[in-house]
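Engineer: When you get a sec, could you give me coordinates for this:
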Amino acid sequence: MRRKFQVSERLACRIFGQHRSTQRKVPRGRSDEEALTADIVALASQYGRYGYRRITALLREAGWAVNVKRVEQIWRREGLKVPAKQSKKGRLWLNDGSCVRLRPERPNHVWSELCGKLGDDGLRGR
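Structural biologist: Below you'll find the model as predicted:
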């Protein structure tokens, strides 16, 4: 662009709104970026509840010399997220892997302590 319009580096950078240092430094890509990204995605799908910090620990155990910040950057770029943790009270599954709420199979199998009674004044009591 500078050669075409015969302008200085300062003027060209001011017009485009860039820092001058971005024109001098050539960005270099990392040779292992694709392999690292593939490993991160594979570990994230295998360990669904693990975040980027625990995935970093697994990568280090596997022999990668990787920084937490680099894994976090790749994590965000790939759009990976840890699903929100559900409380035990409102969860939709049991510990045996099924996806149904606990339903009574016989009398006195499932209990509830949320029973109350209405008083004379119309307010609930326990």
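Engineer: and the nearest residue to residue 33 once chain neighbours are set aside, how far is that from residue 54?
Structural biologist: Distance criterion C-beta to C-beta, 6 or more residues apart in numbering; nearest residue to residue 33, sequence neighbours excluded, is residue 74 at 7.9 Å. From N, CA and C alone the C-beta is placed, and that goes for glycine too. With distances taken as C-beta to C-beta, to the nearest Å, residue 74 is found 15 Å from residue 54.
Engineer: Looking at these two, which one has more neighbours?
Structural biologist: Shown here are residue 74 and residue 54; by other C-beta atoms under 10 Å, residue 74 has more neighbours (19 against 14).
Engineer: mind checking how far that one is from residue 37?
Structural biologist: Distance from residue 74 to residue 37, by C-beta to C-beta: 5 Å.
Engineer: Could you count how many residues lie near residue 4?
Structural biologist: When neighbours are defined as other C-beta under 10 Å, residue 4 has 6 of them.
Engineer: Confirm it sits in a strand?
Structural biologist: No. With DSSP: H, G, I helix; E, B strand; the rest coil as the criterion, residue 4 is assigned helix and is not in a strand.
Engineer: So for it, what's the pLDDT?
Structural biologist: On the pLDDT scale, residue 4 is placed at 78.
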